[in-house]
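Asks: Structure here, sequence nowhere to be found:
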């Protein structure tokens with residue numbers, strides 16, 4: 001993600017949701033997959049309250065987080 005020109009910062013978090021992180025950094029844009037409804041996105045209201053916006057992006061087959069993690073795991077196993 002951080003190698004994309006449009007991405008300013010990538011932050012890892014250990015909590016179940018990024019709510020405290022969203023509150024802390026108050027991003028201008030919160031991006032989530034279009035398989036979510038706006039009312040399901042953790043932190044969306046916080047972002048909007050600070051003048052930011054929620055962007056729901058269309059999903060591409062085999063490009064979701066689950067598929068990406070599976071590919072990385074497969075490559076890691078193959079390299080062992």
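Replies: Looks like it arrived, so ask away. Because the structure is predicted, anything quoted here is derived from the model rather than measured.

Asks: Stretch 51-61: which residues count as buried?
Replies: 52, 54, 56 (16 or more other CB atoms under 10 Å). Just so you know, the C-beta spots here come from the backbone N, C-alpha and C atoms, and that holds for glycine as well.

Asks: Tell me the one among the residues you listed nearest to residue 23.
Replies: Taking CB to CB as the measure, residue 23 lies nearest residue 52 of these, at 12.2 Å.

Asks: so who does that closest one touch?
Replies: Applying CB atoms under 8 Å, 6 or more residues apart in numbering, we find residue 52 in contact with 26-30.

Asks: What of residue 13?
Replies: Per CB under 8 Å, 6+ apart, neighbours of residue 13: 20-21.

Asks: Also the one 10 residues further on?
Replies: Taking CB under 8 Å, 6+ apart as the criterion, residue 23 is in contact with 43, 46.

Asks: Would you mind measuring from it to residue 49?
Replies: 10 Å (CB to CB, to the nearest Å).

Asks: what pLDDT does residue 11 get?
Replies: The score at residue 11 is 84. That number is its pLDDT.

Asks: From residue 62, how far out is it?
Replies: For residue 11 relative to residue 62 (CB to CB), the value is 26 Å.

Asks: Return the subset of the buried residues of stretch 51-61 lying in helices.
Replies: Residues of those located in helices (DSSP state H): none.
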